[in-house]
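1. predicted coordinates and the sequence they were generated for:
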Amino acid sequence: MLMTIEPEKLRPGNPMVAPRPALPRDKASAPAERGQSAVSTRELSIFFGQNQVLKQVNLEVSAKAVTAIIGPSGCGKSTFLRALNRMHDLVPIARVQGQVRLFGEDIYGPQVEAVQIRRRIGMVFQKYNPFPTMSIGDNVTVGLRLNGLSKRAALTERTEQALTMAALWDEVKDRLDAPAVSLSGGQQQRLCIARALAVQPEVILMDEPASALDPLATARIEDLILELKKNYTIIIVTHNMQQAARISDETAFFYLGQLVEFGATSKLFTNPSKKQTEDYVTGRFG
Amino acid sequence: MPALHHYRRRKFVNALMQVVTCVCALLVVVPLCLVFYHVLKLGLGSVNWAFFTQLPKPVGEAGGGMANAIVGTFELLGLAALIGVPVGVLGGIYLSEYGSARLNWAIRFAADVLNGVPSIIWGMVVWALVVVPLKTFSALAGGIVLGMMMIPLIMRTTEEVLRLVPNGYREAALALGIPQWRTIVQIVVRTALKGIATGVLLAVARVSGETAPLLFTAFGNRYWNHHLSEPIAALPLQIFNYAISAYEDWIRQAWAGALVLLLFVAIINVSVRVLTRDKLARGG
Amino acid sequence: MAHFDQELSALRNLLLTMASHAEAAVRQAVDAVINRDYDLAMQVRGGDVAIDRFEVEVDEMAIRLLSKAPLAGDLRLIAVTMKISQNLERVGDEATKIAKRARDLSQEAPLKLIVPIPKIAELALQMLHTSLDAFVNQDAAAARALIPQDKVVDALNKEVHRQLANQMIENPETIARCLNFMVVAKSLERIADHAKNVAEEVVFLCEAEDIRHSGKTNAAALSKPAEGSA
């Protein structure tokens, strides 16, 4: 896929001139409180060319909680997720309409840089992708180093912090210089989570983070997510409903680009309001 | 019965094709063997310490070497790399990571065409652009022409190699809030570095044997080159001049030069093989 | 999903078979009391073994289905089935108790009584039957409607106890037989309780609302709640 020039490059104040010296905050937890709205969308619609993939989605994601997004293939859940950290900026034919707010700030506002947003909203992908030319330690700190932080003491501290939060420290503390690709699949995914955590985001987006892993590794990632939610807002796309039932506090059900139902996980999975949701959740369609 | 007859015929045709294709494959190797055999046979005897360290002796005198030509070739390749590598690599990066579909198609098309332009034409163009205004043949002109020939080659191989880098790495880096240009330089290019180096080496090997363009630009030199604006000796040029001469001694030296050049190119190709084999063994 | 649907059907059918056994046992036990039928009473006692076995089977099947991680309506169905089977097993036990009393009563002289035991029996049987019908038809309204009837049975039972107590004081030679009748009435009252439990489970199955232990019966329990709860 070809990359296109980011739209903001064409504006004055081109980030190519000098990187912003925005170093992440040093506090380990986000400033949000449980129950607050972390991410909210209003009438969010996304078009790929002429094709409307998301239709007027209105959703409020609570802070320091896990929100799951479920739905059949092609329902728009990954598209929705990627709109939250402006990854669609990289796709020339994508058009985003409506509002997305991060703790009240419109992330698509005219003065807002995508790069800044992505430091506050991290992402973990379906296929684990630690950078192959770097060691484990370097992978964890890449987000910090490439954004200007170079003090070795701070980097070491952050490495340990992030790897501990990702439940990987004990397994790799003796071999931080080993190549990242020498780890097992589950470990590599946790490394990717550590990499995202090192930048100290406020929200973490996860796009089917365990679908490429075996059940044991999956269970560890789920445990990790339940730990992480104490300090981070987590939005996870999953096609595994039992996983959503296990780890999420609230669940959103998407179908054909529309948000069909959104509510407490326990209710949505034991007594959904909409028949479509009931049919999907019991496996009678999709 | 007819079925059995068809079966036997198929088997025969199968075997025949196997033999034919095998012979053809072997035929490919034959010229390579011929080349090596001849060059080795006729050149090995003349390759000695003097060959590498001495300047050419005047006509009639025995002995001498091609020291200036060997050094000159390296100098020219160095200059060419200085021009060709940055432009080619950056151009390849642009094609792979930026640009619009239409513009990129045009650039690629132009590069492919340039790759096919006969090298003598390159030489004539640079002669008109550099040699004529400077009123002298020069190492600079020689470096420029070789560099310009390297550009489309390096640009295309760089682009291909960059495209092979999985998109997942770009997305992961961007999702960390790393600006796009940094992503490209420190993540994408770094991942593809081996491939880019390979492309550069192959381009160097390719232009190291170019003779025709150097006729109009570097021109050759009986002595050492002391300045970029002076003509400079190069191995292919020297080989050419000696080979078409009437002097047996020179002809022998031409064969020696040919051997050295051949070995140079062969070593580069083998190194490239080794480099890429390493990459594959690690799982890419 | 066809296989899972088949398994759910099998579970439902097993429960209904168990239900028909339990209903039949109660009916037979009541008949044995009223008709002083010793043999019928013994039959009931023998049939309780089957009901116990049903409970085990139903629970085993339910657990197996739960391991497939069902959700929403399926999950509620399985949970409710397990609860109902437990209630039905207790109903079977109560029927056995009644049968034992019937056996004892049949071996003593008949006692002429004007106590509303047959009425209690009829009500209890009707409640049981209605609650099971509500399960089959997934009819939450019918289930809710029968819950207040438990109060009626409770009141009748108290009345029977009062009358039998008077009888025992006036005619001490009838004490043994009266005590037996008291046990019968108590068992019938318990059967009505279990029918009410089944009805409450049916409401949970249909509307995902847990109305157990909602205290005094009030008018609200009779009517359906507003649509789209929570």
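-> Everything's here; your move.

2. low-confidence ranges, chain C, go.
-> C:1, C:215-230 (pLDDT under 70).

3. and for the stretch 1-150 of chain A?
-> In the stretch 1-150 of chain A, residues with pLDDT under 70: A:1-32.

4. which residues of it fall in strands?
-> Counting by DSSP state E, counting those that start in this stretch, the segments of the stretch 1-150 of chain A that form strands are A:37-48, A:51-62, A:66-70, A:94-102, A:105-106, A:121-124.

5. out of those strands, nearest to C:Val30?
-> Distance to C:Val30, taken as C-beta to C-beta, is lowest for strand A:66-70 among the strands of the stretch 1-150 of chain A, at 51.9 Å. Every residue, glycine included, has its C-beta placed from N, CA and C.

6. what is that closest one packed up against?
-> Here strand A:66-70 touches helix A:77-83, strand A:233-237, helix A:241-247, strand A:250-255, going by 3 or more C-beta pairs under 8 Å, 6 or more residues apart in numbering or on different chains; DSSP states H and E.

7. could you redo the last one with a cut-off of 6 Å?
-> Packing contacts for strand A:66-70, counted by 3 or more C-beta pairs under 6 Å, 6 or more residues apart in numbering or on different chains; DSSP states H and E, involve strand A:233-237, helix A:241-247, strand A:250-255.

8. deepest in the core, which of the ones you listed is it.
-> Across these, averaging neighbours per residue (mean count of other C-beta atoms under 10 Å in any protein chain shown) puts strand A:233-237 on top, at a mean of 26.

9. contacts for it?
-> Contact with strand A:233-237 is made by A:38, A:61, A:63-64, A:66-69, A:77-78, A:81, A:203-208, as judged by C-beta atoms under 6 Å, 6 or more residues apart in numbering or on different chains.

10. pull out the buried members of those.
-> Neighbour counting by 16 or more other C-beta atoms under 10 Å in any protein chain shown classes A:38, A:61, A:63-64, A:66-69, A:77-78, A:81, A:203-208 among the contacts of strand A:233-237 as buried.

11. now the residue of chain C at minimum distance from chain A: how far from B:Ala192?
-> When scored by C-beta to the nearest C-beta, chain C has C:Ala208 as its residue closest to chain A, at 3.4 Å. Note on C:Ala208: its distance to B:Ala192, by C-beta to C-beta, to the nearest Å, is 56 Å.

12. more neighbours: those two, which one.
-> Neighbours were counted for C:Ala208 and for B:Ala192 using other C-beta atoms under 10 Å in any protein chain shown; B:Ala192 has more, 24 against 16.

13. next, the contact list for the more buried one, please.
-> B:161-162, B:165.

14. could those residues go into TSV alongside secondary structure and neighbour count?
-> Formatted as TSV, those follow (DSSP: H, G, I helix; E, B strand; the rest coil; neighbours: other C-beta atoms under 10 Å in any protein chain shown):
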residue	secondary structure	neighbour count
B:Val161	helix	22
B:Leu162	helix	21
B:Val165	coil	20
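
15. identify the residues contacting the residue in the stretch 101-250 of chain B that chain C sits nearest to.
-> Per C-beta to the nearest C-beta, B:Gly168 is where the stretch 101-250 of chain B lies closest to chain C, at 30.9 Å. When the contact criterion is C-beta under 6 Å, 6+ apart, the partners of B:Gly168 are A:127, A:129.

16. likewise for C:Ile84?
-> C:198, C:201.

17. after the host helix or strand of it, next one along is what?
-> Here C:Ile84 sits within helix C:72-106, counting by DSSP states H and E. Remark: after helix C:72-106, the chain's next helix or strand is helix C:117-137, criterion DSSP H and E.

18. so what does that following helix touch, helix or strand wise?
-> helix C:2-35, helix C:140-146, helix C:149-170, helix C:175-207.

19. looking at those, which is buried most?
-> It is helix C:175-207: most buried of those by mean count of other C-beta under 10 Å, with a mean of 22.

20. make JSON lines from the helices and strands packed on strand A:66-70 and add distance to B:Gly45 to it.
-> Shown next, in JSON lines, are those (distance: least, C-beta to C-beta, whole Å):
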{"stretch": "strand A:233-237", "distance to B:Gly45": "73"}
{"stretch": "helix A:241-247", "distance to B:Gly45": "76"}
{"stretch": "strand A:250-255", "distance to B:Gly45": "79"}
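
21. which of these has the lowest average pLDDT?
-> The weakest mean pLDDT among the helices and strands packed on strand A:66-70 belongs to helix A:241-247, with a mean of 93.

22. list the contacts of it.
-> Contacts for helix A:241-247 (C-beta under 6 Å, 6+ apart): A:66, A:68, A:70, A:222, A:225-226, A:238, A:251, A:269, C:69.

23. helix, strand, or coil at the residue in chain C that chain B sits nearest to?
-> Closest to chain B within chain C is C:Ala69: 30.9 Å, counting by C-beta to the nearest C-beta. The three-state assignment at C:Ala69 reads coil, by DSSP: H, G, I helix; E, B strand; the rest coil.

24. now do it against A:Ala244, distance only.
-> 11 Å.

25. tell me which residue is most central in chain A.
-> Among the residues of chain A, A:Leu205 comes closest to the average C-alpha position under C-alpha atoms, centre = their mean, at 1.3 Å.

26. what pairs with whichever strand or helix holds it, parallel or antiparallel?
-> Of the helices and strands defined by DSSP H and E, A:Leu205 is found in strand A:203-207. The strands that strand A:203-207 pairs with in its sheet are strand A:121-124 (parallel), strand A:233-237 (parallel) (by DSSP bridges).

27. got JSON lines for the helices and strands packed on helix C:117-137, with distance to chain B too?
-> Shown next, in JSON lines, are the helices and strands packed on helix C:117-137 (distance: least, C-beta to the nearest C-beta, whole Å):
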{"stretch": "helix C:2-35", "distance to chain B": "36"}
{"stretch": "helix C:140-146", "distance to chain B": "49"}
{"stretch": "helix C:149-170", "distance to chain B": "61"}
{"stretch": "helix C:175-207", "distance to chain B": "44"}
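
28. now tabulate these in JSON lines and tack on distance to A:Thr156.
-> As requested, the helices and strands packed on helix C:117-137 are arranged in JSON lines below (distance: least, C-beta to C-beta, whole Å):
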{"stretch": "helix C:2-35", "distance to A:Thr156": "53"}
{"stretch": "helix C:140-146", "distance to A:Thr156": "63"}
{"stretch": "helix C:149-170", "distance to A:Thr156": "70"}
{"stretch": "helix C:175-207", "distance to A:Thr156": "56"}
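
29. thinking again about what came up before, show me how far the helix holding C:Ile84 is from its chain's centre.
-> Helix C:72-106 sits 6 Å away from the centroid of its parent chain (C-alpha atoms, centre = their mean, to the nearest Å).

30. dump the residue contacts of the residue nearest to the centre of chain A.
-> A:81, A:84, A:123, A:235.

31. flag the shaky bits of chain B, pLDDT-wise.
-> If you take pLDDT under 70 as the line, chain B has these spans: B:1, B:278-284.

32. can you list the residues of it near chain A?
-> B:97-98, B:167-169, B:172, B:175-182, B:186, B:190-191 (C-beta under 6 Å from any C-beta of the partner chain).

33. swap in 7 Å and give it another go.
-> B:97-98, B:167-172, B:174-182, B:186-187, B:190-191 (C-beta under 7 Å from any C-beta of the partner chain).

34. helices along chain A, start to end?
-> A:77-83, A:114-120, A:136-145, A:152-165, A:169-172, A:185-198, A:215-228, A:241-247, A:265-270, A:275-281 (DSSP state H).

35. and if you look at the stretch 151-284 of chain B?
-> B:167-175, B:180-182, B:190-191, B:193-208, B:212-217, B:235-243, B:248-281 (DSSP state H, counting those that start in this stretch).

36. residue closest to the middle of chain B?
-> B:Arg206 (1.6 Å).

37. tell me the contacts of it?
-> B:Leu153 (C-beta atoms under 7 Å, 6 or more residues apart in numbering or on different chains).

38. likewise for B:Leu82?
-> B:Leu82 makes contact with B:Gly147, according to C-beta under 7 Å, 6+ apart.
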